[in-house]
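Chemist: pasted the sequence and its predicted model underneath.
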Amino acid sequence: DSGVTQTPKHLITATGQRVTLRCSPRSGDLSVYWYQQSLDQGLQFLIQYYNGEERAKGNILERFSAQQFPDLHSELNLSSLELGDSALYFCASSADTGEQFFGPGTRLTVL
Amino acid sequence: AQKVTQAQTEISVVEKEDVTLDCVYETRDTTYYLFWYKQPPSGELVFLIRRNSFDEQNEISGRYSWNFQKSTSSFNFTITASQVVDSAVYFCALSDFSNTGNQFYFGTGTSLTVIP
């Protein structure tokens, strides 16, 4: 158990819908990272937050957004969902030492 | 541009054999981090190691060892006396040096199957 929690574990929704994925980092970790893992794209870095502020952006679509709240939990919002958004979404957290610890992931299925 | 290449898509070995997973990276930065992660069939991602670009010393942790060579931009991972539990997908990754704002780049992964 990495100490990072993600909810929900599974999510099934329809095209055009909007969903919110939630992540709670390990106690004391200020950085939260979001990743998308799909069969054809591999593991893609989406975005990083550090102590509430956006710090690094990867291959995140404009339809996706994220935020980190004062209690350091983070949410990833995915809107206008398409079939191709079906993937495993991971959250990871790290302290200033840089090692990342991953949550169990949320499996999103868009029908 | 930053890039990580794991040329080996799939590897199969018989239990107790040694296996090396290759990782080659590209970066213009002089300071950076390199990582290895393991993703077993259950799906979670497990952190294995982080090295910074200043430290080329090889590292050994039990049956695992890592060979970092800046001259060839490689960070290879060797499993000695492989076991069935080592079966997983292994990812190599590269990130900027800053701990507070990192862009991460992952390789496409190497799927290792250890046959009993």
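Modeler: Ah, there it is.
Chemist: who's the most centrally placed residue in chain A bridged to?
Modeler: Nearest to the geometric centre of chain A sits A:W34, at 3.5 Å (CA atoms, centre = their mean). Note on A:W34: beta-bridge partners A:I47, A:C91, judged by DSSP bridges.
Chemist: now B:E10
Modeler: With DSSP bridges as the rule, B:E10 is bridged to B:S111.
Chemist: for it, what are its contacts?
Modeler: By CB atoms under 8 Å, 6 or more residues apart in numbering or on different chains, the contact list for B:E10 reads B:T110, B:S111, B:L112, B:T113. Where you see a C-beta, it was placed from the backbone N, CA and C, and this is true even at glycine.
Chemist: quick one: it from A:A87, how far?
Modeler: For B:E10, the distance to A:A87 equals 21 Å [CB to CB, to the nearest Å].
Chemist: next: B:D55.
Modeler: Per CB to CB, B:D55 is found 34 Å from A:A87.
Chemist: of the two, who's got more company?
Modeler: A:A87 (22 against 9; other CB atoms under 10 Å in any protein chain shown).
Chemist: ok, the residue nearest to the centre of chain A touching A:L88?
Modeler: No: using CB atoms under 8 Å, A:W34 is not in contact with A:L88, being 11.6 Å away.
Chemist: now do the SS call for B:S71.
Modeler: Following DSSP: H, G, I helix; E, B strand; the rest coil, B:S71 is assigned to helix.
Chemist: where does it land on pLDDT?
Modeler: B:S71 is assigned 92 on the pLDDT scale.
Chemist: next one: the one 5 residues further on
Modeler: In the predicted model, B:N76 carries a pLDDT score of 97.
Chemist: would you mind measuring from it to chain A?
Modeler: 19 Å (CB to the nearest CB, to the nearest Å).
Chemist: pretty sure that residue contacts B:L34?
Modeler: No: look at B:N76 against B:L34 with CB under 8 Å: they stay out of range, at 10.6 Å.
Chemist: settle it for me: which of those two has more neighbours?
Modeler: Neighbour count, other CB under 10 Å: between B:N76 and B:L34, B:L34 has more, with 22 against 18.
Chemist: in its sheet, which strands sit next to whichever helix or strand the more buried one is part of, and in what direction?
Modeler: For B:L34, the host element (DSSP states H and E) is strand B:32-39. Counting by DSSP bridges, the strands paired with strand B:32-39 are strand B:46-52 (antiparallel), strand B:88-96 (antiparallel).
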